[in-house]
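Participant: Have a look at this prediction, sequence included:
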Amino acid sequence: MSDLLDGLNEPQKQAVLHGLGPMIVLAGPGSGKTATVTRRIARLIREKEVDPSRILGVTFTNKAATEMRERVEKLLGRKAYGLWLCTFHAAAARILRKVVGQFPFGRTSTFEIIDQSTQTKEMKAVIQHDLKLDEKEYKAPTFLSALQEAKAHGILPTDYEYRGQLAPLYRKAAAFYEARLRVLNAFDFGDLLLYVTQALDQDKDLREEWSRTFQYILVDEYQDTCPVQLLFLDLLTSTHKNISVVGDDAQCIFGFTFANLHTILDFARDYPGAKEVRLEQNYRSTPEIVEASNMLIENNRVRYDKTCFTANASGPGITVVVHDGEKQESWWAVAECMKRHREGVPWGEMFVLYRTNSQSRVLEEAFVGKGIPYNVKGAFKFYDREEIQDLLGYLKVLSNPANRIAWERIANKPTRGLGASTVQAIVEYAQEHSLTFRAALNDSHYLFKGVTQKKVAAFTAQMQRLEIFAEGAKVSSLLQTIIDGIDFKAWLLGKGDTTSAAADRWQNVLELVRAVEMYENDTPPDEASLLGFLERVALVTQEDEAAARDKDKVLLTTLHSCKGLEAQVVIITGVEQGLIPHFNAMHDPAQSEEERRLFYVGMTRAKRFLYLSRARSRWLHGKPMDGRPSQFIRELALDNSR
DNA sequence: GAATAAATTGTTTTT
DNA sequence: CAATTTATTC
């Protein structure tokens, strides 16, 4: 018992030892939040002898979940089998798979989780074919975000009161979109939480069963939960009421996903008698950084009155620099990293941060130029790459024959003479006869003549062979069989691209094979399945395990996705009015306060060296733009601000 | 039917 | 400026 409390301060101990009932832990940056949560979980398992499968720990990212699990297992000295430690979406998907069949949702337990691009494609089809509107005038992303707003509030998009004149149109689109996803046996991200809350809300017995299951629920990054997630938590805690949440109102930066700052401010009101713990001591940063970030955040009107302090030794202070353009800024950033590296700071202890993903390109070029090891987080997702999506298409089709989108994708990859019109004919035939694309393939002898018929038949036969092989086969050997069967390597390398680009693509394919093997390695053999792998792919987005594993590289990332990380050296680039705070957020007080919190998050990642850099001029959409210093530099009230 | 060239058009942040 | 969509050619 004692070792679980070793080295903790008084409020941290209180948080770890808290017994029954709701608790909120207000945790400033670097205040040992993760240590507190993991020790609390470890204590519940070890001292309170709670069955791990009756504890639900929810995090914001998969990476955070994995890290926490490792730390809990280290504290326990054994594996925490059955412990639910995952993201909201993963938890929702897992419950939904078990219960979806009991509801008229029109999906089976093998439902697929579709990605962003599939969502857009389906919504485009809704606008063009179902609503017969001009897609130039009515944009799919606008419609999707309207629907997401409804889903984030836990309301069916067909029932939601949208703002503005387009409301009736949105509701119609929602109905068509939902119908299309049903045919695909698919949910999108937002649906996972929406439908699981619908299910738990509608069925009292089910709600009791699940809320009895989870004796303890812990939530990380509580400030970034949206209403439907709160509803989800509320439904699951209805029996035991043992919910403890950890968060920092000053780090609420996901307002655009309908996370609301007031959920954390109102926790004590919503859960009367909740214990409140404040972790205000910062163990991460120098007093210079802690004080400057306090100065900054005090400019926000809506916040908890909380003051962070540190007992850490004084450091080098915050450096503010100006450059002519973004190229000079990038060269400088690389040079500064090299300088610190010579002083003994490992590459892995350095971040270069920016507001928008498009800023990463110049930086990347500068890092490549000097041969400095770096990692870009967030920009292009590994699983979004064309060649990866192609192969995943085969896996998806084998897992879910109703997945029309995936069929369309793979039908002519590699080129086998099934062009757009042939595929379209199959799709229409399937729709007419209410068949899956796969079933339509079997009947296609009636549809086509001559050469086309032969080609379609060859494709059907090949897919049938794969289906037979897929029975009981390991995912890794299935993938290998697909790659060999369609001669994917030859097709990739022969596509006429430059040889190096083709070689890169093949490397990515090998990476995918490794990812499958890794999945099989850390999943119990009886649980590993094609569906399981596809779910991981759908929910594990950015940080593919490979990137997370090769440490000791400078991390280039956005201010948003640096949340939860820390490093010796942090360089924030593009500290200009219009970038941070961003143009689109500058005129609305609530949004500019969010921009300030975002900047606060970036600053407080730094342990020792913090640089704020800006350029006088920067290329934006092909035109040079003058850059004025961000108002936030002034708000820090530094001696050396210029 | 498929590959290439030209034109257009968008640009915050993400599970 | 780059990525995506449309037009053109083979």
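Facilitator: Cool, the structure landed.

Participant: Tell me the first helix or strand C-terminal of the lowest-mean-pLDDT helix or strand in chain A.
Facilitator: When the helices and strands of chain A are compared on mean pLDDT, DSSP states H and E, helix A:545-549 comes out lowest with a mean of 46. On the C-terminal side of helix A:545-549, the nearest following helix or strand under DSSP states H and E is strand A:554-558.

Participant: Name the next helix or strand following that following strand along the chain.
Facilitator: Past strand A:554-558, heading to the C-terminal end, the next element that is a helix or strand (DSSP H and E) is strand A:567-572.

Participant: That following strand versus strand A:554-558: what angle between them?
Facilitator: Orientation check (axes from the mean of the first three to the mean of the last three Cα atoms, to 10 degrees): strand A:567-572 against strand A:554-558 gives 50 degrees.

Participant: For the stretch 501-642 of chain A, which residues are neighbours of DNA strand C?
Facilitator: Within the stretch 501-642 of chain A, the residues that sit near DNA strand C (Cβ under 7 Å from any atom of the strand) are A:Trp619, A:His621, A:Gly622. C-betas here are computed from N, CA, C, even on glycine.

Participant: Please compute how far the helix or strand where A:Leu206 lies lies from its chain's middle.
Facilitator: Using DSSP H and E, A:Leu206 maps to helix A:204-213. Helix A:204-213 sits 28 Å away from the centroid of its parent chain (Cα atoms, centre = their mean, to the nearest Å).

Participant: what does that helix rub up against?
Facilitator: Among residues not part of helix A:204-213, those counted as contacts by Cβ atoms under 8 Å, 6 or more residues apart in numbering are A:53-54, A:95, A:99, A:102, A:199-201, A:235-240.

Participant: for the helix or strand following that helix, packing partners?
Facilitator: With elements assigned by DSSP H and E, the helix or strand that comes after helix A:204-213 is strand A:216-219. In terms of contact count using 3 or more Cβ pairs under 8 Å, 6 or more residues apart in numbering; DSSP states H and E, strand A:216-219 is assigned the packing partners helix A:33-46, strand A:55-59, helix A:227-236, strand A:243-247.

Participant: need those in a markdown table with distance to A:Tyr177, can you?
Facilitator: As requested, the helices and strands packed on strand A:216-219 are arranged in a markdown table below (distance: least, Cβ to Cβ, whole Å):
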| stretch | distance to A:Tyr177 |
| --- | --- |
| helix A:33-46 | 37 |
| strand A:55-59 | 27 |
| helix A:227-236 | 18 |
| strand A:243-247 | 33 |
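
Participant: Pick the most buried one from these.
Facilitator: Ranked by average neighbour count under the criterion mean count of other Cβ atoms under 10 Å, the helices and strands packed on strand A:216-219 are headed by strand A:55-59 at a mean of 25.

Participant: So A:Arg278 lies in a helix, does it not?
Facilitator: No - residue assignment for A:Arg278, taken from DSSP: H, G, I helix; E, B strand; the rest coil, gives strand, which places it outside any helix.

Participant: Not counting its neighbours along the chain, what's nearest it?
Facilitator: A:Leu26 (4.8 Å; Cβ to Cβ, 6 or more residues apart in numbering).

Participant: angle of the strand or helix carrying the one you found against strand A:243-247?
Facilitator: Counting by DSSP H and E, the element that carries A:Leu26 is strand A:23-27. Angle of strand A:23-27 versus strand A:243-247, following the same axes, to 10 degrees, is 10 degrees.

Participant: angle of strand A:23-27 against helix A:33-46?
Facilitator: 150 degrees.

Participant: for the record, mean pLDDT for strand A:23-27?
Facilitator: Computed over strand A:23-27, the mean pLDDT rounds to 94.

Participant: Could I get the phi/psi values of A:Asp522?
Facilitator: Comment: the main-chain dihedrals of A:Asp522 come out as phi -100, psi 20, following degrees, to the nearest 10.

Participant: burial measure for it, as a count.
Facilitator: By other Cβ atoms under 10 Å, the residues close to A:Asp522 number 9.

Participant: mean confidence score for stretch A:267-279?
Facilitator: Average pLDDT, stretch A:267-279: 89.

Participant: re earlier: what subset of the contacts of helix A:204-213 is buried?
Facilitator: Taking 16 or more other Cβ atoms under 10 Å as the criterion, what is buried in the contacts of helix A:204-213 is A:Arg54, A:Ile95, A:Val99, A:Ala199, A:Leu200, A:Leu235, A:Leu236, A:Thr237, A:His240.

Participant: The third one touches A:Thr197, doesn't it?
Facilitator: No - A:Val99 is not in contact with A:Thr197 according to Cβ atoms under 8 Å; the separation is 11.6 Å.

Participant: hmm, whichever helix in chain A runs longest touching DNA strand B?
Facilitator: In terms of residue count, the longest helix belonging to chain A (DSSP state H) is helix A:499-521. No - using Cβ under 7 Å from any atom of the strand, helix A:499-521 stays clear of DNA strand B, coming no nearer than 12.3 Å.

Participant: For that helix, which residues meet the burial criterion?
Facilitator: Applying a neighbour-count criterion of 16+ other Cβ under 10 Å, the buried positions in helix A:499-521 are A:Ala502, A:Arg505, A:Asn508, A:Val509, A:Leu512, A:Ala515, A:Val516, A:Met518, A:Tyr519, A:Glu520.

Participant: of all these, which comes closest to DNA strand B?
Facilitator: Distance to DNA strand B, by Cβ to the nearest atom of the strand, is smallest for A:Ala502 among the buried residues of helix A:499-521, at 12.4 Å.

Participant: CA atoms of the helix or strand where A:Lys74 lies as CSV?
Facilitator: Taking DSSP H and E as the definition, one finds A:Lys74 inside helix A:62-76. Only the C-alpha atoms of helix A:62-76 are listed here, as CSV (Å, rounded to 0.1, in the frame of the first residue of the first chain):
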residue,chain,number,x,y,z
ASN,A,62,-5.5,5.7,-27.7
LYS,A,63,-1.9,6.7,-26.9
ALA,A,64,-2.9,8.0,-23.5
ALA,A,65,-4.9,4.8,-22.9
THR,A,66,-1.9,2.6,-23.8
GLU,A,67,0.5,4.5,-21.6
MET,A,68,-1.8,4.4,-18.7
ARG,A,69,-2.3,0.7,-19.0
GLU,A,70,1.4,0.2,-19.0
ARG,A,71,1.8,2.3,-15.9
VAL,A,72,-1.0,0.5,-14.1
GLU,A,73,0.5,-2.9,-15.0
LYS,A,74,3.9,-1.7,-13.8
LEU,A,75,2.5,-0.7,-10.5
LEU,A,76,0.6,-4.0,-10.1
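
Participant: Next, the angle helix A:33-46 makes with that helix.
Facilitator: Calculated by the same axes, to 10 degrees, helix A:62-76 forms an angle of 50 degrees with helix A:33-46.
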